[in-house]
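In: Need coordinates for the below:
(chains A and B)
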Amino acid sequence: MTTSLRRVGQLLAAAGLALSFSLGGCSSATENPVERLPILGLKYSEPTSPSDTLPDPIPAFRLTNQDRQVITNQTFAGKVYVTDFFFATCPSICPKMQSELLRVYKAYESNPDVLFLSHTIDPAHDSIPVLRDYAERLGIQDAARWHFATAGRDSIFALAKAYMTGAQVDATVPGGYAHSGTFALVDSRRRVRGVYDGMVPAQVDQLIKDIPVLLKEEAETQPVAAK
Amino acid sequence: MKRHPLRLTGVAALLLTLALSLESCFTERQNEGAQLYAAHCSSCHGDQGQGLERLIPPVAASDYVAKHRAELPCLIRKGMQGDIVVNGIHYNQIMPGHEDLTDSQITILLNFVQTSWGNTNQIYTMRETSELLGRCNGSDGQ
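Out: Predicted coordinates for the structure are as follows:
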């Protein structure tokens, strides 16, 4: 009798444990601090082996920032960076999104290993002077820390896809471009390590918490990353 | 005695359901100004009317809101662009128009802004808003 009761108890405990694990999967892992961030992204390239399931790295890019400096992947070598897509005249989500990204920037303003990269999706309007004016009005004096960058529209849209952000021309929305307010956190090996909805302060809080996790990993793997 | 708490729970649940269903009848319009602000303005001007650095001017404690009272209905309906000075700071952004808001919604929205976050300005009547909207041929009479 007691053994069967105990067995029932054990079964219940196991079920409870399983349930709590599966429920845990529903919420983001805020309670258990993550030791390592996932590697995210899409895979279009041919697997190099049957076990190769790693997503494609961020492709090579060549952009121009608000100081007319050319920026490439090399600009971010040995750094982690946060990226988003916006346009200066955006009347819908951009101001809110950029004010949230500004919050992240201010949290890491003193850390030169964390960079920021905002791409304009309206390069026809957002010339270099427009981008510089925008950055200055937002309070960003140092272009080397937060790049406001432009390139051909097709390159920008292709990059948006790589950073897991939606961006496209849409004449039906105010401003003429439909885009999501996604922030992507990218490591020094061109891999997306987190995506966050820039319109949701709780997700931006999570980004602020995730950056040190990535920095810790970067510090540990530095010899590998440097080769 | 033992069943008492259960019965109380039942009554409480009933009251709660009643309260919730009644609430939906009444509170919709009560905070309409705040709701309109949240839906149409807060993404740019901030959830507390604070604006965004030197990009977007504040509507909280804003001298512009007080000084340009008569122009605000048209400003909301038609939008604006070009340099403006708010609390001594220059701003230059495009504000989209809001043709989707009726005269009365603009009145309710403006009255919320004129009496919130440090603004203590004169409110508008519906008729006054419609008259002011006439200046930009913007009144829809609703």
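
In: Tell me who's in contact with A:Ala158.
Out: A:Pro59 (C-beta atoms under 8 Å, 6 or more residues apart in numbering or on different chains). To be clear about C-beta, it is placed using only N, CA and C from the backbone, and glycine gets the same treatment.

In: Just the CA trace of the host helix or strand of it, in PDB.
Out: Using DSSP states H and E, A:Ala158 sits in helix A:153-162. C-alpha atoms of helix A:153-162 as PDB (Å, rounded to 0.1, in the frame of the first residue of the first chain):
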ATOM      1  CA  ARG A 153      18.100  49.800 -50.900                       C
ATOM      2  CA  ASP A 154      18.500  46.200 -52.000                       C
ATOM      3  CA  SER A 155      21.500  45.600 -49.900                       C
ATOM      4  CA  ILE A 156      19.700  47.100 -46.900                       C
ATOM      5  CA  PHE A 157      16.700  44.900 -47.400                       C
ATOM      6  CA  ALA A 158      18.900  41.800 -47.800                       C
ATOM      7  CA  LEU A 159      20.700  42.700 -44.600                       C
ATOM      8  CA  ALA A 160      17.400  43.100 -42.800                       C
ATOM      9  CA  LYS A 161      16.600  39.500 -43.700                       C
ATOM     10  CA  ALA A 162      19.900  38.300 -42.400                       C
END
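
In: Quick one: distance of it to the chain centre.
Out: Between the centre of helix A:153-162 and the centre of its chain there are 15 Å (C-alpha atoms, centre = their mean, to the nearest Å).

In: Stretch A:193-211 too?
Out: Distance, centroid of stretch A:193-211 to centroid of chain: 8 Å (C-alpha atoms, centre = their mean).

In: Show me what that stretch is in contact with.
Out: A:28, A:30, A:34, A:37-40, A:80, A:82, A:84, A:93, A:96-97, A:100-101, A:103-104, A:107-108, A:114, A:163-165, A:180-187, A:214.

In: From those residues, pick out the ones that also neighbour chain B.
Out: Residues of the contacts of stretch A:193-211 in contact with chain B (C-beta under 8 Å from any C-beta of the partner chain): A:Ile93, A:Lys96.

In: Let me see the ranges of the strands in the chain.
Out: Just going to use chain A. With DSSP state E, the ranges of strands along chain A come out as A:62-64, A:70-72, A:80-86, A:114-120, A:146-149, A:167-169, A:177-179, A:182-186, A:192-197.

In: wait, chain B
Out: B:84-86, B:89-91.

In: Within range of chain A, give me the residues from chain B.
Out: Counting by C-beta under 8 Å from any C-beta, chain B sits next to chain A at B:42-44, B:46, B:52-56, B:91-96.

In: List only those of those residues flagged as buried.
Out: B:42-44, B:46, B:52-56, B:91, B:93, B:95-96 (16 or more other C-beta atoms under 10 Å in any protein chain shown).

In: Give me the nearest residue to the spatially most central residue of chain A, chain neighbours excluded.
Out: Nearest to the geometric centre of chain A sits A:Ala184, at 0.9 Å (C-alpha atoms, centre = their mean). In space, and not counting its chain neighbours, A:Ala184 is closest to A:Tyr163: 4.2 Å by C-beta to C-beta, 6 or more residues apart in numbering or on different chains.

In: so how far is chain B from that neighbour?
Out: Per C-beta to the nearest C-beta, to the nearest Å, A:Tyr163 is found 22 Å from chain B.

In: correct me, but that residue touches A:Thr182?
Out: Yes. The pair A:Tyr163 / A:Thr182 is scored as a contact, 7.4 Å apart, by C-beta atoms under 8 Å.

In: per-residue pLDDT, the residue nearest to the centre of chain A?
Out: pLDDT, A:Ala184: 96.

In: How about A:Ser49?
Out: 89.

In: How many residues are close by it?
Out: When neighbours are counted by other C-beta atoms under 10 Å in any protein chain shown, A:Ser49 registers 6.

In: same question, the one 10 residues further on
Out: A total of 12 residues lie near A:Pro59 under the criterion other C-beta under 10 Å.

In: low-scoring stretches of chain A, by residue?
Out: A:1-34, A:174, A:222-227 (pLDDT under 70).

In: about what we covered before: most tightly packed of the strands of chain A?
Out: strand A:146-149 (a mean of 26; mean count of other C-beta atoms under 10 Å in any protein chain shown).

In: which helices and strands does it pack with?
Out: Applying 3 or more C-beta pairs under 8 Å, 6 or more residues apart in numbering or on different chains; DSSP states H and E, one finds that strand A:146-149 makes contact with strand A:62-64, strand A:114-120, helix A:128-138.
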